[in-house]
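In: Sharing a model that was predicted from the sequence below.
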Amino acid sequence: MGTTLDMIGEFGHEKVCFFNNEKAGLHAIIAIHNTKLGPAVGGCRLYPYQSLDDALFDVLRLSRGMSFKNAAAGLPCGGAKGVIIASPAAKTEALFEAFGEAVESMQGKYFTAEDVNTTTDDMNQVMHKTQYVVGRETVSGDPSPFTAYGCFCGIKAVAHKLNGTDDLHGVKIALQGLGHVGFDLAHQLAEAGADLYVSTHSNRKNMEIATREWGAKEISEDEIYGFECDILSPCALGGTINKHTLPQLKCRAIAGAANNQLYDDECGRILCGKGIVYAPDFIINGGGVINAAQEAFTTYNKENVLKQVENIYNTLTEIMEESEQTGIPEGEIAQKLAESRIRFGLR
Ligand code: NAD
């Protein structure tokens, strides 16, 4: 991977804008990757990036991932992402209003939503300045339960690939990150009878509920990569499958909610070589945006959303089958599927 400037060229972004509002404390980037299928949709992440380059690297990868995610799910929208460079402790109404002005200035080409470290409450403040917000409290709400349900459906498809059955009883799953998505997903997996092991960086309260009420067992943050299990489920931050963690892996498959789980495409090739099944992140974690897109582009109907989310099972099954037959990593197959839909304008 070259410089972040090289990345913009290589990924083919349409527009990348930096916003500075000193009074409101806003330093943000909005990256619109592609709008061929429709206005671009992607959440707003708030994170204390160490440098502008770190923020740019993240937003470029995340926005391209949104184009793939939206296209692969057959949604009438393109991909984008916003990042605010700030600590969660620095959140104010003025900050989110300033971000709302930034979104408004994109003239409807970018719809934002909540993401890591932002909430529906924060989006209410963004909406003081723009209408281009999805996942509104009053309509489709928090996308996380839909993301978690899509991951649950995807994990059943992966279990079927490994064991010839969707039944999760006794399937050993190590889940990383008990946040909005991970906590909900852990609950569904526990109810389905999985043998569940969990690690989290914060959210001790969620850990207590998972261990005390659902019978999950706690493992440490470091232990999870080398933990012998059927499925490793990364539900924290991206880039966790990398040259340091790959040699430790003792799982049969990787299937979780986190965006950009693989540090780069080479990691996908290494997983494939090791015979570890990988559920491409932008396929398995599409439930939230499927829900949000219904709100933005059709009349919202929860039953239709759930049907579309459940289809993640079928999409993943087809990708895993093709990977087995061709030896091509699952991520590359998923990317080709998304790219061809974007190229030919297929929804
Ligand atoms: P969140 O911030 O609510 O939760 C993240 C959790 O991960 C926190 O509990 C944190 O303590 C934990 N964590 C961080 N580093 C960790 C580590 N090294 N080991 C163990 N735990 C760690 O975020 P979320 O909304 O649950 O999203 C989780 C992931 O899923 C993110 O990568 C996000 O981009 C992706 N995602 C979320 C949605 C959604 O609907 N929320 C949709 C698509 C993708």
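Out: Received, thanks.

In: hey, where'd the helices end up in the stretch 201-347 of the chain?
Out: Using DSSP state H, counting those that start in this stretch, the helices found in the stretch 201-347 of the chain span residues 204-213, 265-274, 281-284, 287-297, 302-310, 312-326, 330-343.

In: among those helices, which gets the worst mean confidence?
Out: Mean pLDDT is lowest for helix 287-297 out of the helices of the stretch 201-347 of the chain, coming in at a mean of 91.

In: Quick one: name the residues of the chain near the ligand.
Out: 116, 143-144, 147, 176-182, 199-203, 221, 235-238, 257-259, 285, 288 (C-beta under 6 Å from any ligand atom). Quick note: C-beta positions are derived from backbone N, CA and C, even for glycine.

In: Could you tell me which of the residues you listed count as buried?
Out: Buried members of the residues of the chain next to the ligand, scored by 16 or more other C-beta atoms under 10 Å, are 116, 143-144, 147, 176-182, 199-200, 203, 235-238, 257-259, 285, 288.

In: Just the residues you listed: which are in strands?
Out: Counted as lying in strands by DSSP state E, out of those, are 176, 199.

In: Would you point out which residue of the stretch 151-300 of the chain is nearest the ligand?
Out: residue 179 (1.7 Å; C-beta to the nearest ligand atom).

In: ok, now which ones touch that residue?
Out: Residue 179 makes contact with 200, 203, 206, 235, 236, according to C-beta atoms under 8 Å, 6 or more residues apart in numbering.

In: can you check residue 283 too?
Out: 69, 72, 154, 312, 315, 316, 319, 334.

In: hmm, try it at 10 Å
Out: With contact set as C-beta atoms under 10 Å, 6 or more residues apart in numbering, residue 283 has these partners: 68-69, 72-73, 150, 154, 157, 255, 312, 315-316, 318-319, 330-331, 333-335, 337-338.

In: one step back: how about a markdown table for the helices of the stretch 201-347 of the chain, with distance to residue 102 added?
Out: Below are the helices of the stretch 201-347 of the chain laid out as a markdown table (distance: least, C-beta to C-beta, whole Å):
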| stretch | distance to residue 102 |
| --- | --- |
| helix 204-213 | 32 |
| helix 265-274 | 31 |
| helix 281-284 | 24 |
| helix 287-297 | 18 |
| helix 302-310 | 28 |
| helix 312-326 | 32 |
| helix 330-343 | 25 |
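
In: any idea which of these is most buried?
Out: helix 281-284 (a mean of 28; mean count of other C-beta atoms under 10 Å).

In: what's the spacing between residue 106 and the ligand?
Out: 21 Å (C-beta to the nearest ligand atom, to the nearest Å).

In: now that residue, what's its secondary structure?
Out: Of the three states, residue 106 takes coil under DSSP: H, G, I helix; E, B strand; the rest coil.

In: Find the helix or strand that the nearest residue to it once chain neighbours are set aside is a member of.
Out: Of all residues not flanking residue 106 in the chain, residue 30 sits nearest, at 6.3 Å (C-beta to C-beta, 6 or more residues apart in numbering). Residue 30 is located in strand 26-34, with elements delineated by DSSP states H and E.

In: so how far is that strand from its chain's centroid?
Out: Computed by C-alpha atoms, centre = their mean, to the nearest Å, the chain-centroid distance of strand 26-34 equals 17 Å.

In: So for that strand, mean pLDDT?
Out: For strand 26-34, the mean pLDDT works out to 98.

In: give the contact list for the residue nearest to the spatial centre of the chain.
Out: For the chain, residue 259 is the residue whose C-alpha lies nearest the centre (C-alpha atoms, centre = their mean; 3.7 Å). Residue 259 makes contact with 42-43, 45, 58, 61-62, 65-66, 69, 81, 115-116, 234, 237-239, 281-282, 285 under the criterion C-beta under 10 Å, 6+ apart.

In: With residue 14 instead?
Out: Going by C-beta under 10 Å, 6+ apart, residue 14 touches 8, 31-36, 40, 63, 67, 78-80, 109.

In: do that again at 7 Å, thanks
Out: Neighbour list for residue 14: 32, 33, 34, 35 [criterion: C-beta atoms under 7 Å, 6 or more residues apart in numbering].

In: Out of the contacts of residue 179, show me where the pLDDT dips lowest.
Out: Out of those, that is residue 203, at 87.

In: Just confirm it contacts residue 180, I think it does.
Out: No - in this structure residue 203 lies outside contact range of residue 180 using C-beta atoms under 7 Å: 9.5 Å.

In: ok, back up a step: and the contacts of residue 179, which two are furthest apart?
Out: 206 and 236 (12.5 Å; C-beta to C-beta).

In: pretty sure the residue nearest to residue 106 is touching residue 110, no?
Out: Yes - if you go by C-beta under 7 Å, residue 30 and residue 110 touch, sitting 5.9 Å apart.

In: so what sits against both of these two?
Out: Shared contacts of residue 30 and residue 110 (C-beta under 7 Å, 6+ apart): residue 80.

In: low pLDDT regions in this protein?
Out: 1-2, 346-347 (pLDDT under 70).

In: hmm, 80 instead?
Out: 1-2, 139-140, 345-347 (pLDDT under 80).
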